[in-house]
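Asker: coordinates for the following, if possible.
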Amino acid sequence: MPIISFEAAQLSDKVKAELIEKLTDTAVAITGIPKELYFVTIREYPDTSLAVGGKTVAQIKQDIAEKL
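Answerer: Alright, predicted model coming up:
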């Protein structure tokens, strides 16, 4: 049984559901393996535990919110 693993910062339930659906559908289209055989795992990290360019995701989100 194939396993699709996805790692990210915190995501909403709506986003996770869409990821699961689209990742599975894409894998099925490419491999031809039935969707019922796929496992999808989503591993989330706290926004304060991931960083890009020296800033945590929490800081990046705050910076973006302040610009809006």
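
Asker: tally of neighbours for T24?
Answerer: T24 has 19 neighbouring residues, counting by other Cβ atoms under 10 Å. From N, CA and C alone the C-beta is placed, and that goes for glycine too.

Asker: now whichever strand or helix holds it: average pLDDT?
Answerer: Using DSSP states H and E, T24 maps to helix 13-31. Mean pLDDT, computed over helix 13-31, is 98.

Asker: now do that helix: which elements does it pack against?
Answerer: Secondary-structure packing of helix 13-31 (3 or more Cβ pairs under 8 Å, 6 or more residues apart in numbering; DSSP states H and E): strand 3-9, strand 39-45.

Asker: which residues touch the last one?
Answerer: Residues from elsewhere that reach strand 39-45, judged by Cβ atoms under 8 Å, 6 or more residues apart in numbering: 1-11, 16, 19-20, 23-24.

Asker: just the buried ones from those, in PyMOL syntax?
Answerer: Applied in PyMOL, the following selects the buried portion of the contacts of strand 39-45 according to 16 or more other Cβ atoms under 10 Å:
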select buried, resi 9+19+20+23+24
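
Asker: out of the contacts of strand 39-45, who's nearest I33?
Answerer: Proximity of the contacts of strand 39-45 to I33 was ranked by Cβ to Cβ; the top entry is P2 with 6.0 Å.

Asker: what number of residues lie near the closest residue to the closest one other than its chain neighbours?
Answerer: Distance criterion Cβ to Cβ, 6 or more residues apart in numbering; nearest residue to P2, sequence neighbours excluded, is Y38 at 5.3 Å. Counted with other Cβ under 10 Å, the burial measure for Y38 works out to 18 neighbours.

Asker: so which of the helices and strands packed on helix 13-31 gets nearest T31?
Answerer: Comparing the helices and strands packed on helix 13-31 by their distance to T31 (Cβ to Cβ), the top pick is strand 3-9, with 10.8 Å.
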